[in-house]
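Chemist: this is a predicted model, with the sequence first.
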Amino acid sequence: MDFDLTEEQQQIRSVARDFCDREVAPRAADLDRREAFPDELLGELFAVGFLGAPVPEKYGGMGTDYLSYGLIVEELGRTDASIRSLVSVNVGLVALSVLRWGTDEQRAHWLPRLTSEGLGAFGLTEPDAGSDPSSMRSTARRDGDDWVLNGSKQFITNGSRGLVTIVFAQVADAGITAFLVPQDAPGYEGRPIKGKLGLRAGDTASVTLTDVRVPGSARMGELGKGMRIALGALDSGRYSLAAGCTGIAQAALDASLRYAGEREQFGRPIAGFQLVQQLIADIYLDVEAARALYWKVAWRHERGERHTIESSVAKTFCSEAAVRCADRAVQVHGGYGYIDDYPVGRYLRDARVTTLYEGTSQIQRLLLGRHLTGINAFT
């Protein structure tokens, strides 16, 4: 496996790093404290092309390869995981799903808008259906040429500040089916969830669907094949999440090196103490391993190979590594790590949720266990 970056990939990473250091990082602490949605920054993200990086140019995207997209997401995760979240959901879960499963008309209608105008949301999780999405209660029924949707969704990123939501709903005698539902459709209500531990600048919403009527052309993919779409989307979503978590881990390393070099105790920088060096070395080990794992997913993707297991491995390791690295960074900072004058506390809060969504660490281990043993522990 060749891990060398091409000249174009290096350039994309450089552009992303410069943009994130200049536009994202200076706003991160304030947005987090105020739980404020980044309206102004959103326009800049559209303008620079990050919200459509791997989408083909004919649909308004940048047309990047998969690894270049991951490099962008890593830089966003390094500077503000809330921004990373809204980008990776818009691209990894929504735009790439429309690209893969949508009709020509759906691609032509939604992709140019998702890359330049508004965000997409992924409406799978429900109040009583998280790790077991097959138990969802949202329904869709035919009414003439239309579909009428009812139900509720929970913890939906971009669910109240977006343009369109991919809603998964049960269709009688067919099964779970996917629909492209405009968020301004009558009966669609997204309510922002406040008081989150982390990702406080991102839009996380409770969504209620009350007799939401969409045309037959809003159905995406085959009738009853919604779980196939959802699982395919999660392969991309977990890759994005792994890349973003690598960014958090890198941020924890950068902050720890900077602080340990400046902070003095007993007459010398704490970077000279063995146990501080151990903490920093352990952060570095996790960063290097995390980056290699998400790059491996990109490598397989570009070869046209399935990467469900590799995405699950990367998501599990990178999310847990981000938590470990942020926690060690707090320890390096001592008492100062516990106040928001320094960013490491935010890194820890933002990292913690990544072990929960898009498949908890426990669910990922069951998936990996089934793959390794051939025995399904879900039933």
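Modeler: The structure has been received and is ready for your questions.
Chemist: helices along this structure, start to end?
Modeler: Ranges of helices within the chain are 7-19, 25-34, 39-48, 66-79, 81-88, 96-101, 104-114, 226-262, 274-302, 308-333, 344-352, 361-373, based on DSSP state H.
Chemist: check which helices and strands the fifth one sits against.
Modeler: When you say that, I think you mean helix 81-88. The contact analysis (3 or more C-beta pairs under 8 Å, 6 or more residues apart in numbering; DSSP states H and E) places helix 81-88 against helix 25-34, helix 39-48, helix 66-79, helix 226-262, helix 344-352. All C-beta spots, glycine's among them, are computed from the backbone N, C-alpha and C.
Chemist: what's the offset of the first one from the middle of its chain?
Modeler: Relative to the chain's own centre, helix 25-34 is displaced by 19 Å; criterion: C-alpha atoms, centre = their mean, to the nearest Å.
Chemist: what about the stretch 1-150 of the chain, any weak spots by pLDDT?
Modeler: 1-3 (pLDDT under 70).
Chemist: wait, Leu111 touches Gly61, no?
Modeler: Yes: using C-beta atoms under 8 Å, Leu111 makes contact with Gly61 at a distance of 7.2 Å.
Chemist: need the overlap of contacts for those two.
Modeler: 52, 55, 95 (C-beta atoms under 8 Å, 6 or more residues apart in numbering).
Chemist: most neighbours of all the residues you listed, which one?
Modeler: Ranked by neighbour count (other C-beta atoms under 10 Å), the shared contacts of Leu111 and Gly61 have Ala95 at the top, with 29 neighbours.
Chemist: contacts only, for that residue.
Modeler: 52, 55, 61, 110-111, 114-115, 120.
Chemist: nearest to Glu23, of those residues?
Modeler: Glu23 lies nearest to Gly52 out of the contacts of Ala95, by C-beta to C-beta, at 17.4 Å.
Chemist: the residue lying closest to the closest one once chain neighbours are set aside: how many residues sit nearby?
Modeler: Sequence neighbours aside, Thr115 is the residue nearest to Gly52 in space, at 2.8 Å (criterion: C-beta to C-beta, 6 or more residues apart in numbering). The local packing of Thr115 (other C-beta under 10 Å) involves 24 other residues.
Chemist: how far away is the closest residue to Pro127 other than its chain neighbours from Ser206?
Modeler: Computed as C-beta to C-beta, 6+ apart, the closest residue to Pro127 that is not its neighbour in sequence is Gln154, at 4.7 Å. Distance, Gln154 to Ser206, using C-beta to C-beta, to the nearest Å: 6 Å.
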